[in-house]
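Engineer: Pasting the sequence and the predicted model now:
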Amino acid sequence: MSAGLLDETRRTERTEAPPLLIEGLSAGFGARMVLSGVSLALAAGSATVLLGPNGAGKTTLLRAVCGRLAARAGAVRICGIPAEDPAARRLIGLAPQEIALYRPLTIRENLETFGRLAGVPWRGLSARVNEVMARAGIDARAGERIDRLSGGWQRRVNVAAALVGAPRLLVLDEPTVGIDAHAREDLAGLVQRLAADGLAILLVTHDFAFAERVANRAAILKAGRIVLEGPLGDLLAERFRGRRVAEVTFAAAPDATRAAALAGLGLAPGEEPTAFSGLIADDPHAVAALIAALEALGAAPRTLALKAAGLDALYAHAVRED
Ligand SMILES: Nc1ncnc2c1ncn2[C@@H]1O[C@H](COP(=O)(O)OP(=O)(O)OP(=O)(O)O)[C@@H](O)[C@H]1O
């Protein structure tokens, strides 16, 4: 086979290989293993949210994906290329949690710099930067310095910087930290467009509402293992068919005894001390029975709302289960 044909064959293999394939990955630091037997595949055009409690190993997994942590067992491949190969690194766009931009430089200057770092040749750089700015909706302010931009704009540029090298896999680490609702909507739209363009997206976030807007798959990591993974709609249907989430608030925070009694009714504490929620059957009798049980406890609810189980319920369910 000629060298040219071999190159062509390799290229074909690479384009057909999934943007991210993790198989049986175990990795850690020194004697401490953090990830055990993690497998995950991301197809082109899909967006996967990776969730997990603090310390579950999300950042460690991202490090392995970016080739910055060697596998003890298993493998990570980017479009078929081992993650530790520099060629794989060039196929990944990473938008880190901390805004990683040159503050005194303009948007355009930042993107040109990131383009050079990502190996974009000089000749195509300007056109590539223009294309990315248009895609990210930031071209109108191309000449403005980063330190003059709002948090929301800085986030958009942070994502755009990850796109200049024309990656196949985009990794977004907590992209909604520090931005307002409007900027969050803009960002959600951008991520959806990027997935529609064929990028594979790996999103790490604690922002369930954002994740629900943009992700079509979810993976939940707990103590270094994937405990749940699949299409979001299927995961929700499998676990919550015929049930809804009842969100209850009380006039005052229940004491420990009453909280224990509420737990007995399947109601777990929410973020506010007066808020509790739990799953109930999706029928009017179940609601009436819950209200009667609460009244019997002397804990008549101030409000009771029913909603479809979403990613937050799925996460709570998966993390609680052993
Ligand atoms: N450089 C390191 N050396 C030793 N242990 C580490 C190192 N980095 C992380 N760990 C440990 O690995 C475990 C997983 O950490 P990791 O940061 O991957 O979790 P995480 O899911 O990203 O958590 P968080 O949501 O808090 O960011 C933790 O117990 C952490 O202490």
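Structural biologist: Okay, I see it.
Engineer: what are the ranges of the helices in this structure?
Structural biologist: For the chain, the helices defined by DSSP state H occupy 3-16, 58-65, 86-89, 107-117, 122-136, 151-163, 181-196, 208-214, 232-240, 256-264, 284-296, 311-320.
Engineer: So for residue 22, which of those helices sits nearest?
Structural biologist: Distance to residue 22, taken as C-beta to C-beta, is lowest for helix 58-65 among those, at 7.3 Å. The C-beta positions use only the backbone N, C-alpha and C, and glycine is treated the same way.
Engineer: could I have that closest one exported to PDB, CA atoms only?
Structural biologist: The C-alpha coordinates for helix 58-65 follow below in PDB (Å, rounded to 0.1, in the frame of the first residue of the first chain):
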ATOM      1  CA  LYS A  58     -15.300  14.000  37.100                       C
ATOM      2  CA  THR A  59     -12.300  16.300  36.800                       C
ATOM      3  CA  THR A  60     -10.000  13.200  36.900                       C
ATOM      4  CA  LEU A  61     -12.000  11.800  34.000                       C
ATOM      5  CA  LEU A  62     -11.600  15.000  32.000                       C
ATOM      6  CA  ARG A  63      -7.900  14.900  32.600                       C
ATOM      7  CA  ALA A  64      -7.700  11.400  31.200                       C
ATOM      8  CA  VAL A  65      -9.800  12.400  28.200                       C
END
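Engineer: Going forward, count from 41.
Structural biologist: That works, and once the first residue is 41, the last one we named lands at helix 98-105.
Engineer: So is that helix next to the ligand?
Structural biologist: Yes - using C-beta under 6 Å from any ligand atom, helix 98-105 comes into contact with the ligand via 98, 99, 100.
Engineer: I figured residue 292 was touching residue 312, is that so?
Structural biologist: No - between residue 292 and residue 312 there is no contact under C-beta atoms under 8 Å: 11.5 Å.
Engineer: Leaving out the residues flanking it, which one is nearest to residue 143?
Structural biologist: Excluding its sequence neighbours, the residue lying closest to residue 143 (C-beta to C-beta, 6 or more residues apart in numbering) is residue 187, at 4.2 Å.
Engineer: Mind picking out the helix or strand in the chain with the poorest mean pLDDT?
Structural biologist: Least confident element among the helices and strands of the chain, by mean pLDDT, DSSP states H and E: helix 43-56 (a mean of 51).
Engineer: Could you give the number of residues near the nearest residue to residue 85 once chain neighbours are set aside?
Structural biologist: Nearest non-adjacent residue to residue 85, counting by C-beta to C-beta, 6+ apart: residue 238, 4.9 Å away. Residue 238 has 12 neighbouring residues, counting by other C-beta atoms under 10 Å.
Engineer: didn't residue 238 look like it was pressed against residue 83?
Structural biologist: No - taking C-beta under 8 Å as the definition, residue 238 is not a contact partner of residue 83, at 9.7 Å.
Engineer: OK, contacts around the closest residue to residue 87 other than its chain neighbours?
Structural biologist: Spatial nearest neighbour of residue 87, excluding adjacent residues (C-beta to C-beta, 6+ apart): residue 241 at 4.0 Å. By C-beta atoms under 8 Å, 6 or more residues apart in numbering, residue 241 lies in contact with 82, 86-88, 209-212, 231, 234-235, 254-255.
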